[in-house]
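Peer 1: no sequence for this one, just the structure:
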C-alpha cells in the first residue's frame, strides 16, 4: 500500500510539473515585447518605429474607434457620409463599462471596432486572436479574413465560438486597417476580452503549430496514464484510490483540451460553444474536490 501511495504522489507531481513546464515553454515560444511599447490612441496604433524581430509579438492595445449597435464593413468607411462613432473603446478588453449618454451598455449587444496600425516595413503580418466570449468577423485592409461563429444582431441569430484563430494578411502602404465586428448575447462579458498579438506571419504560424503540438503531447501523456490506471483498476477494483485518480486524470484531460489552443475544436470541429463552456467550467469545478479526495485517501491510508 505504501508503494502505491508513493507512486500516486509521484504521478500527481508529474501532472503539475508537466503543466508548469508546458506553461514556461509557451511563454518562451511567444516573446511578447513588454518594453516601451506604444498603445493605440484615438484609433491609431503607431508601430512605425518598432521593428519586429524573430518570434517577437506586439500586444494590440489601446483606443479603437467604436460603433455601438452597428455591424460595419470596410466599404462603409469609404462612403461620403462616414459612420458616426460612439467614442473610443479599448480593443483589448470587454465593453461592459463603456458609456453612451451616461449609460453603461452592459455585456449583451453588438458593435464594430476600427483600428489603423502603422508598421515600419511592408510585409506579411498576422494577428493571433485568443479568447473572445462572442462571435466576431475580422476584416483587414478591406478583406474579410476570419469569421468565428456567426455574428448576429440578436440572440437567436448569433452563434458564439471559443475557437482560437489566426489572421494572415499583407500590409498596404505600411498600414494595417482592422475592422472588427463583434456580437455577444450568450456571455456576461462582451467584446474582445483577450489581447490580440501582432507579429510576422511565419512567427504566428510557427507559434500556433508549437502550441498545438505541445497540447497534443500533453493530451497523449495523460491519455496513456488514464488507460494504464483504468486497466490497473480492473485488476484491483477494491483500491478506490486508483479510481479517484482515473477520474482526476479524466477531468484534467478536459482542462487541457479546453485551454491554450483549445484542442477540443481540433478534435470536434462542430462542437457548440454552449457545450465547450460547460465542459470547461465543469472540469474546473470537479478538479479540486477530486484532488482533495485523493489527498484525503492517501493520508488516511498512511495513518491507518
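Peer 2: Happy to help now that I have it. The structure displayed is predicted, hence computed values, not measured ones.
Peer 1: how about the helices in the stretch 151-300 of the chain?
Peer 2: Counting by DSSP state H, counting those that start in this stretch, the stretch 151-300 of the chain has these helices, from start to end: 201-235, 240-258, 264-267, 273-303.
Peer 1: Mean neighbour count and mean pLDDT for those helices - can I get that in JSON lines?
Peer 2: Placement of C-beta: from N, CA and C, glycine included. Shown next, in JSON lines, are the helices of the stretch 151-300 of the chain (neighbours: other CB atoms under 10 Å; pLDDT from 0 to 100):
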{"stretch": "helix 201-235", "mean neighbour count": "16", "mean pLDDT": "89"}
{"stretch": "helix 240-258", "mean neighbour count": "20", "mean pLDDT": "86"}
{"stretch": "helix 264-267", "mean neighbour count": "16", "mean pLDDT": "91"}
{"stretch": "helix 273-303", "mean neighbour count": "14", "mean pLDDT": "80"}
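Peer 1: Just tell me which of the ones you listed ends up closest to residue 106.
Peer 2: Closest approach to residue 106 among these (CB to CB): helix 273-303, 19.1 Å.
Peer 1: I'd like to know which elements the closest one is packed against.
Peer 2: Other helices and strands packing on helix 273-303, by 3 or more CB pairs under 8 Å, 6 or more residues apart in numbering; DSSP states H and E, are helix 2-29, helix 240-258, helix 264-267.
Peer 1: Kindly calculate the angle that it makes with helix 240-258.
Peer 2: Computed by axes from the mean of the first three to the mean of the last three CA atoms, to 10 degrees, the angle separating helix 273-303 from helix 240-258 equals 150 degrees.
Peer 1: re earlier: reformat the helices of the stretch 151-300 of the chain as JSON lines; add distance to residue 105.
Peer 2: Output for those, formatted as JSON lines (distance: least, CB to CB, whole Å):
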{"stretch": "helix 201-235", "distance to residue 105": "31"}
{"stretch": "helix 240-258", "distance to residue 105": "29"}
{"stretch": "helix 264-267", "distance to residue 105": "29"}
{"stretch": "helix 273-303", "distance to residue 105": "22"}
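Peer 1: out of those helices, nearest to residue 161?
Peer 2: Of the helices of the stretch 151-300 of the chain, nearest to residue 161 by CB to CB is helix 273-303, at 5.3 Å.
Peer 1: and that closest one, how far out from the chain's middle?
Peer 2: Relative to the chain's own centre, helix 273-303 is displaced by 23 Å; criterion: CA atoms, centre = their mean, to the nearest Å.
Peer 1: for this structure, which spans come out with low pLDDT?
Peer 2: In the predicted model, the chain carries pLDDT under 70 at residues 1-36, 299, 301-304.
Peer 1: contacts for stretch 138-153?
Peer 2: 71, 73-75, 110, 127, 129, 132, 134-137, 157-161, 163, 165-172, 175-183, 185, 273 (CB atoms under 8 Å, 6 or more residues apart in numbering).
Peer 1: In strands only, show me these.
Peer 2: Those of these mapping onto strands are 110, 127, 129, 135-137, 165-170, 175-183, per DSSP state E.
Peer 1: Which among those residues count as buried?
Peer 2: The neighbour count (16 or more other CB atoms under 10 Å) marks 110, 127, 129, 135-137, 165-167, 169, 176-183 as buried among those.
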